[in-house]
Structures are given as structure tokens and as C-alpha cells.
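Peer 1: Structure of the sequence below:
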Amino acid sequence: MSSENDIKKIFNYKKLLIPVLIGLLASVALIVYQLNKTTFVEVSAGKGAFVWEDKNHDQLKQEEEYIANTTDSANYNTQTFTESLECIEWNYHSAMWLGIALLAVVIRDFGYIWRLRILSEKKISWRACFDVIMIWELASSIAPSAAGGSKVAMFIINREGINLGKSTALVMVTAFLDELFYILIVPIMFVALGTTEILPASFGAILKTNQFLLFSAAYVALVLLTIVLYFGIFKKPHVLKSMLSKVVFRFKFLKRFRRAAIRTGNEMIVASQELKEKPFSYYFQAFAASTLSWTARFMVVNFIMMAFLPNIDNVLIFCRQLILWVLMLVPVTPGASGISEFLFTGIMGDITQSGGLILIITLLWRFLSYYPYLFVGLIVLPGWIKRTSQKKETK
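Peer 2: Numbering: from 1, shown residues only. Just a heads-up that it's a prediction; the model follows:
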């Protein structure tokens with residue numbers, strides 16, 4: 001896996017083109033959808049041509065519920081997609097907040113780099129940490145979102161001089177810290193949100209009625225995963241070794257890797273013992289870096305929206321991203337490309353009545369938080385392969 005040929009197979013150009021093409025198709029589909037959609041926007045009473053009547057009492061504003069009206073109570077007008085685009089204001093205020101959103105992306109990456117530097121006990125240089133994170137993000141961008149780039153990450157770290165067992169343990173620790181942040185932030189944010197509706201009205205009555213049960217199921221699953229990771233890293237690493245050698249690598253097509261898996265399992269047990277002996281400050285700093293990174297990741301959307309909608313409910317937007325993040329784990333497209341755009345518009349679509357604006361916000365979110373890693377990763381990859389090859393030759 002860690003040879004140059006294997007790495008080039010993982011990051012071949014065909015795999016890189018797939019998420020780009022899917023994302024472009026999704027963007028075109030969203031534009032077509034908005035072009036064919038009739039949008040009603042609220043205006044001052046008496047200045048509109050329609051009123052809204054909730055005929056089926058579901059609190060959903062459906063197109064057939066807007067009734068033509070010329071009285072002083074008329075407070076809705078139709079707006080075309082082109083008109084909604086023309087209403088978007090691009091000025092110093094929007095430029096400032098988009099700049100802050102870009103800064104949040106940088107802070108997100110710095111958090112990941114800082115965490116790897118801490119977890120490797122400074123055995124990986126800052127420059128190497130940057131390379132690893134960019135290639136890790138590249139792997140995540142071209143892998144199905146349910147799988148992510150973690151499977152590749154352990155081999156990337158291994159090429160930086162960390163044995164495969166410890167590399168695997170470090171990747172598991174990063175996953176543990178990510179899940180820990182999530183299971184801690186959810187109750188905090190939901191308490192802060194109070195009685196405000198979490199899911200948008202467009203999700204429908206059934207989903208809204210059962211939103212607590214649906215989200216609780218996903219939350220419990222992540223709690224269980226965190227517990228499994230904790231025991232696998234700190235308590236029962238030999239159980240993971242046993243599962244690798246006796247269950248997973250018993251399959252015929254994986255048998256040839258079984259010996260290497262056993263060796264990796266033994267190294268993991270040693271690494272686990274080392275991790276148990278680390279001081280509290282080691283994990284506190286790593287968790288602080290995780291918190292910085294994940295907070296910055298979520299705030300990118302808040303800052304993009306503040307560029308055009310200065311009066312948004314920031315806590316609501318943050319909470320909806322907690323739901324969005326869980327849903328993005330399900331799609332099987334590379335980096336959730338294509339599906340993410342539709343999920344985003346579905347969850348955030350009621351924040352603004354402007355079809356053009358929600359499309360612009362969606363595209364800005366993906367251009368800032370996803371596509372840069374495809375290009376930066378490609379730039380970093382050749383130099384990293386050459387540098388790590390030289391490192392292996394000098395050993």
C-alpha cells in the first residue's frame with residue numbers, strides 16, 4: 001500500500017475527475033431546479049400580489065397555497081431565479097465575511113496539522129504535518145464519504161517514519177477525538193438553541209414529528225462508535241488484533257495480508273501501551289486542536305451566510321450543520337460530492353426565500369470546504385512522494 005505505485009493508483013486522475021464531474025452535474029441540476037421553481041418572497045403588506053393560506057394546516061408554504069390578491073393584506077410577490085440573483089448584494093460587507101470564511105478554512109486545517117504534530121510528539125515536522133493533512137484530505141475527497149480517508153491515512157503517516165501499528169493507533173485516536181467533540185457539542189448546542197425548530201419545515205410533518213428519534217438514533221450510534229474506539233485504543237487493543245487476524249483477514253482474497261496484519265496488530269498493542277502512559281496534557285492539547293478545527297469547519301457556513309444575511313440565527317445554522325454532518329456520512333459518492341449540495345439546500349433552504357441566494361451560498365460552501373483539497377493535494381502529492389521515498393532510502 002505504501003509503495004509509490006500503490007499510492008499513484010489511489011490518487012490517479014480518473015478518481016480525481018469523478019467527484020469534480022459529479023459536483024459540476026449537481027451544480028447544473030440545482031440551477032435547473034431553481035430556474036423551474038416559482039419562488040414567492042414576502043414583501044410589505046399591500047405591496048404584494050398574493051397572500052398565503054395554509055389550507056392543509058401543515059405550516060408548509062406550498063405553491064398552490066398562494067392566492068392572487070390585490071387588497072392591502074397582499075404581502076407576497078413572485079420572484080424569478082434571475083431576479084433573485086440580481087437582488088444579491090456584493091459589497092465590502094460581503095467581501096469581508098467571505099474573507100473571514102476563507103480564514104476559517106485555514107484555521108480548520110491548522111487545527112488538524114497542530115493535532116497531528118501533538119499526537120506524533122513532534123516526530124513529524126510542521127512541513128510534513130501539512131503534507132500529511134493535505135493528502136489525507138485529498139484521500140477523503142475521492143473516497144466514498146462513509147469510508148473517508150482514514151484507511152489511507154495510516155499509510156501516509158507510516159511513510160513519515162512512524163511504524164504502521166502506531167500510525168494506525170494515531171488515526172484511531174484522531175477518529176476518537178472527532179467523535180468525542182461531536183457527542184459533547186450536540187447537547188451543548190441544542191440546549192443553547194432552546195425551543196427553536198431544528199429541522200426546516202420543508203422536511204415534512206413525519207420527519208419533524210420524529211426528528212428527535214431520528215437524530216437520537218444517529219447520535220447513539222456515534223456514542224457507541226466512540227466507546228468502541230476508546231476500548232480498542234486504550235483498553236483492549238488485543239481484541240482488535242484478534243478481529244483483524246481471525247475475522248477480517250480470513251477472507252481468501254485478504255489472506256496474503258494476514259501476516260502483515262498480525263505484525264501491525266502487535267505494533268498497535270505496543271502503541272496502545274504507550275498511549276495509556278501519556279499525560280492528560282497530551283490529550284487535552286489534541287482535543288483542543290480538534291475543537292478548534294471542527295468549530296472553524298462549521299463556522300465557514302455561518303460566515304458565508306453572514307456575508308449576505310447579517311441577521312441569521314447563528315446557533316440554528318451551527319446546529320443544522322450537526323445534522324448535515326451525520327447525513328453526509330451516508331452517501332457513497334466520492335466525498336459526498338453531488339449529494340452534499342442537495343442535502344445542504346434541503347436543510348438550509350428555508351433560511352432565505354431567495355432561490356438564487358441559497359444556490360450561491362451552497363456553491364461557495366463547496367468551493368471553500370471541498371474543492372481546494374483536490375487541487376492543493378495534487379500539488380503537494382508529487383513532492384511528498386519524492387521526499388518520503390528519499391527518507392526511506394536513507395534508513
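Peer 1: Could you use CA atoms for every contact and neighbour count after this?
Peer 2: Noted.
Peer 1: for residue 113, what are its contacts?
Peer 2: When contacts are counted by Cα atoms under 8 Å, 6 or more residues apart in numbering, residue 113 touches 126, 129, 130, 133.
Peer 1: show me where pLDDT drops low in the stretch 1-150 of the chain?
Peer 2: Low-confidence segments of the stretch 1-150 of the chain (pLDDT under 70): 1-10, 12-15, 56-62, 144-150.
Peer 1: switch the cut-off to 80
Peer 2: Scanning the stretch 1-150 of the chain for pLDDT under 80 picks out the ranges 1-20, 22-24, 26-27, 30-42, 46, 54-65, 70-71, 78-87, 142-150.
Peer 1: where along it do the helices fall?
Peer 2: Here the stretch 1-150 of the chain has its helices, by DSSP state H, counting those that start in this stretch, at 4-10, 13-35, 81-86, 92-119, 126-142, 150-158.
Peer 1: Highest mean neighbour count out of these?
Peer 2: Highest mean neighbour count among these (mean count of other Cα atoms under 10 Å): helix 126-142, with a mean of 22.
Peer 1: Please state the offset of it from the chain centre?
Peer 2: 15 Å (Cα atoms, centre = their mean, to the nearest Å).
Peer 1: Alpha carbons of it, as CSV, please.
Peer 2: Provided in CSV are the C-alpha atoms of helix 126-142 (Å, rounded to 0.1, in the frame of the first residue of the first chain):
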residue,chain,number,x,y,z
TRP,A,126,5.3,21.1,10.7
ARG,A,127,6.0,20.9,7.0
ALA,A,128,5.4,17.1,7.0
CYS,A,129,2.2,17.5,9.0
PHE,A,130,0.9,20.0,6.4
ASP,A,131,1.7,17.5,3.6
VAL,A,132,0.0,14.6,5.5
ILE,A,133,-3.1,16.6,6.2
MET,A,134,-3.5,17.8,2.7
ILE,A,135,-3.0,14.3,1.2
TRP,A,136,-5.3,12.9,3.9
GLU,A,137,-8.0,15.5,2.9
LEU,A,138,-7.4,14.6,-0.8
ALA,A,139,-8.0,10.9,0.1
SER,A,140,-11.2,11.8,1.9
SER,A,141,-12.3,13.9,-1.1
ILE,A,142,-12.0,11.0,-3.6
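Peer 1: What helix or strand is the spatially most central residue of the chain located in?
Peer 2: Among the residues of the chain, the one closest to the centroid is residue 325, at 5.5 Å (Cα atoms, centre = their mean). Using DSSP states H and E, residue 325 sits in helix 314-327.
Peer 1: Quick check: mean pLDDT of that helix?
Peer 2: Here helix 314-327 scores 85 as its mean pLDDT.
Peer 1: Quick check: closest non-adjacent residue to the residue of the chain most remote from its centre.
Peer 2: Taking Cα atoms, centre = their mean as the measure, the residue most remote from the mean C-alpha position of the chain is residue 71, 47.3 Å away. Excluding its sequence neighbours, the residue lying closest to residue 71 (Cα to Cα, 6 or more residues apart in numbering) is residue 46, at 6.3 Å.
Peer 1: now do residue 126
Peer 2: Setting aside the residues directly before and after it, residue 126 is nearest to residue 117 in space (Cα to Cα, 6+ apart), at 6.8 Å.
Peer 1: any idea how far the one you found lies from residue 165?
Peer 2: Here residue 117 is placed at a distance of 18 Å from residue 165 (Cα to Cα, to the nearest Å).
Peer 1: do the same with residue 383
Peer 2: Distance of residue 383 to residue 165, computed by Cα to Cα: 25 Å.
Peer 1: For those two, indicate the residue with more neighbours.
Peer 2: residue 165 (22 against 12; other Cα atoms under 10 Å).
Peer 1: wait, doesn't the more buried one sit right on residue 271?
Peer 2: Yes - using Cα atoms under 8 Å, residue 165 is in contact with residue 271, at 6.7 Å.
Peer 1: quick one, domains of this protein?
Peer 2: As given by automatic domain parsing, the domain ranges for the chain are 4-36+88-394, 39-81.
Peer 1: got the residue ranges for the strands in this structure?
Peer 2: In the chain, the segments counted as strands under DSSP state E are 39-42, 50-52, 66-68, 76-79.
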